[in-house]
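**Q** Provide a 3D model corresponding to the input given below.
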Amino acid sequence: MSDSKKPVALITGSGRERVGNVIAMYLADKGYDIALHYHSSQEEAIESRDELRQAGHKCEAYQADVSLKAEVEQMVDQAAKDFGRLDVLVTTASIWNETPFEEITAEDLESNFKINTLGTFYAARAAGLVMAKQDEGGCIVTIGDWSIDRPYPDHAAYFISKGALPTLTRVLARELA
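**A** So this is what the prediction gives:
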């Protein structure tokens, strides 16, 4: 358990140099201890973890498949245990595949929903339940996509799955309030 009074942020999809990683670096610079999440990018996650540690930040990296509830719950529980608290969750883990509309399969839609929608729900639910037990509560930031209002071609499965996130966010706000 951390004896630090610093706030702790868990960012899903932050192992590789993409949006989640940039957010992790920013929050570390603002004084947060960081829990990086990765699925298959272990090498990049370890490099990011080591970079943050060398800069004097407390950071751990956690592997989980966000489409699997048990793995997400284990990741959140372990991060909360390792740091002694969980103050912020940012959900950036997602898949984004270009597929022509006429070639999209049920499996494409299912895999997008499992990662982009269900993975966000699993992480937010697990983190929200941890935060609700803390006197200070916490904050959950779900990352969607601005173009769900103006989707472009060849990404229908992605946009459909990301389109559910605004409703999911409102539900989380109500349930965890």
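
**Q** now the residue in the chain sticking out farthest from the centre: how far from Lys6?
**A** For the chain, the residue at maximal distance from the C-alpha centroid (Cα atoms, centre = their mean) is Glu102, at 30.4 Å. Note on Glu102: its distance to Lys6, by Cβ to Cβ, to the nearest Å, is 51 Å. Just so you know, the C-beta spots here come from the backbone N, C-alpha and C atoms, and that holds for glycine as well.

**Q** ditto for Cys139
**A** The separation that Cys139 has from Lys6, given Cβ to Cβ, amounts to 15 Å.

**Q** Please apply the same query to Asp87.
**A** Taking Cβ to Cβ, one finds Asp87 at 9 Å from Lys6.

**Q** For the two, list the residues in contact with both.
**A** By Cβ atoms under 8 Å, 6 or more residues apart in numbering, Asp87 and Lys6 have these common neighbours: Tyr32.

**Q** More neighbours: these two, which one.
**A** Asp87 (21 against 16; other Cβ atoms under 10 Å).

**Q** Grab the nearest non-local neighbour of that one.
**A** Closest residue to Asp87 apart from its sequence neighbours, by Cβ to Cβ, 6 or more residues apart in numbering: Pro7 at 4.0 Å.

**Q** mind listing what that neighbour touches?
**A** Contacts of Pro7 by Cβ under 8 Å, 6+ apart are 31-33, 85, 87-88.
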